[in-house]
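Asks: have a look at this fold, sequence not included:
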């Protein structure tokens, strides 16, 4: 029998499925102003005035974990809310969001989070564990946003082995909109600060390269998703986004440019991010309501 990747017997996994937590916050303007600066909004904002932009909720109801309760990688210690999975690499693999009604600047919000599933798999790069979370964000008008988040835990590759190449990808459509930028350490640090994300792979090069085996600093998955959303909104200012889904395909690093692309579809848009070799790093799609 293949060993469990959790330091608890498999029958105890049910102890984590269904675990929940609730955090509250006030939606104030300064975090949004900092995000606008990070996105280089120097002219008219593409966001609806007075409302939280799509994905802007990632700036609020953040975990304020005491310094003494952080792990070596900078994340909160496992075994509290999230299960104690022993694989060292932790990434945000995918997300799906429904925007049900606007969240206004000045609203009080309540974010309810629950673990919906834990699944072990075997991938091309080795053992994987997927953790599925659901986040419900309420404001005074009720349930405003529902988000499903998929985390993936994996082992770091052996020094003598490169990660396997992905299968040949289908040709991409000709993009209607593109933007190329260099995700330098300053950008990554500012996003980590804006989201109170202390995961060291995003700002500590010695740790990212020497401990987790990456070739450079890792670009945050949520940052790539926000850049894709921003590309759409800059071409559709004030659009009411109803649904947004994204999935990461490969990591991006600070040592290479990234390009975000999009094409208009009947109900919204198809979006994707490319690395310097024109390989897909993330795919996304959105619909407007």
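Replies: Thanks, I have it. What you are looking at is a predicted structure, and each value in this text was computed from that prediction instead of being measured.

Asks: the residue nearest to residue 82 when sequence neighbours are not counted is in what secondary structure piece?
Replies: Leaving aside its sequence neighbours, residue 82 sits nearest to residue 131 (CB to CB, 6 or more residues apart in numbering; 6.7 Å). (Each C-beta comes from the backbone N, C-alpha and C, glycine too.) In this structure, residue 131 sits in strand 126-139 according to DSSP states H and E.

Asks: burial count for residue 266?
Replies: 6 (other CB atoms under 10 Å).

Asks: same question, residue 255
Replies: Using other CB under 10 Å, residue 255 is surrounded by 14 other residues.

Asks: give the contact list for the nearest residue to it once chain neighbours are set aside.
Replies: Among residues not flanking residue 255 along the chain, residue 216 sits closest, at 4.2 Å (CB to CB, 6+ apart). Residue 216 is in contact with 205, 208-209, 253-256, counting by CB atoms under 8 Å, 6 or more residues apart in numbering.

Asks: and residue 216, how far is that from residue 226?
Replies: 20 Å (CB to CB, to the nearest Å).

Asks: cool, residue 283 as well?
Replies: Taken as CB to CB, the span from residue 283 to residue 226 is 15 Å.

Asks: between those two, which one's more packed in?
Replies: Legend: neighbour count by other CB under 10 Å for residue 283 and residue 226, higher for residue 226 (23 against 17).

Asks: which helix or which strand is home to that one?
Replies: Counting by DSSP H and E, residue 226 is part of helix 221-235.

Asks: now do residue 31
Replies: helix 29-38.

Asks: burial count for residue 170?
Replies: Residue 170, neighbours per other CB under 10 Å, totals 7.

Asks: that's a strand at it, yeah?
Replies: No - Residue 170: not assigned to a strand; according to DSSP: H, G, I helix; E, B strand; the rest coil it is coil.

Asks: start and end of stretch 194-203, how far apart?
Replies: 13 Å (CA to CA, to the nearest Å).

Asks: got any ranges where this protein has weak pLDDT?
Replies: For the chain, the stretches with pLDDT under 70 are 1-14, 123-125, 157-169.

Asks: what's the longest strand along it packed up against?
Replies: In the chain, assigned by DSSP state E, the strand with the most residues is strand 108-123. The contact analysis (3 or more CB pairs under 8 Å, 6 or more residues apart in numbering; DSSP states H and E) places strand 108-123 against strand 20-26, strand 126-139, strand 142-154.

Asks: dump the ones you listed to CSV, plus distance to residue 52 and mean neighbour count.
Replies: Output for those, formatted as CSV (distance: least, CB to CB, whole Å; neighbours: other CB atoms under 10 Å):
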stretch, distance to residue 52, mean neighbour count
strand 20-26, 11, 13
strand 126-139, 9, 18
strand 142-154, 9, 18
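
Asks: got TSV for these, with distance to residue 110 too?
Replies: Below are the helices and strands packed on strand 108-123 laid out as TSV (distance: least, CB to CB, whole Å):
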stretch	distance to residue 110
strand 20-26	5
strand 126-139	5
strand 142-154	10
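
Asks: residues in contact with residue 78?
Replies: Neighbour list for residue 78: 71, 84-85 [criterion: CB under 8 Å, 6+ apart].

Asks: one more: residue 31?
Replies: If a contact means CB under 8 Å, 6+ apart, then residue 31 has 59-60, 194 as its contacts.

Asks: just those residues: which are in helices?
Replies: Judged by DSSP state H, the subset of the contacts of residue 31 located in helices is residue 194.
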